[in-house]
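In: Okay, predicted coordinates and the sequence, questions at the end:
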Amino acid sequence: MEPVTRGRHNVREVDRVADLLTQTYHGDAAGMAWFGPALRPLLGAVSPATAIHRPLRRRHTIRELVPHLAANIDFVLARLNGTRATRTRPNARRP
């Protein structure tokens, strides 16, 4: 894969994609991603009651969705970095 130029630096496309994915979750110093507010700063404003609220029967709560999202981000970043990524069982407890 040919590197692309960003400013004065060459950046591989996989590095650029990994950076965008990381920024989508964490954001910059102001909590912003390339599209608007990043996910993590937004989650910081969610109350515990809202996080466990189930608006519709048989639908997931924010509390249930966030670990899956984090695991998938970790999985994709590992694969982009050339690391063999493993998936944990969906119901596995995280430390």
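Out: Received the coordinates, thanks. Computed from a predicted structure; not experimentally measured. Residues are numbered from 1 along each chain as shown.
In: can we go C-alpha only for contacts and neighbour counts from here?
Out: Noted.
In: Can you pull out the low-pLDDT segments for this structure?
Out: Along the chain, the parts satisfying pLDDT under 70 run over 1-10, 87-95.
In: how about a cut-off of 90?
Out: Screening the chain residue by residue with the criterion pLDDT under 90, one finds the ranges 1-21, 24-25, 28-29, 31, 34-35, 55, 70-74, 76-95.
In: What are the buried residues along stretch 11-24?
Out: Taking 16 or more other Cα atoms under 10 Å as the basis for neighbour counts, the residues of stretch 11-24 that come out buried are 14, 18, 20-24.
In: Looking at those residues, spot the one nearest residue 45.
Out: Proximity to residue 45 was ranked across the buried residues of stretch 11-24 by Cα to Cα; first place goes to residue 24, at 16.5 Å.
In: Pretty sure the closest one sits against residue 31.
Out: No. With the criterion set as Cα atoms under 8 Å, residue 24 and residue 31 do not qualify as a contacting pair; they are 9.5 Å apart.
In: Are there residues contacting both of the two? Which ones?
Out: Contact criterion Cα atoms under 8 Å, 6 or more residues apart in numbering; residues shared by residue 24 and residue 31: residue 38.
In: coming back round to it: could you tell me which of the buried residues of stretch 11-24 are located in helices?
Out: Secondary structure assignment (DSSP state H) places 14, 18, 20-24 from these within helices.
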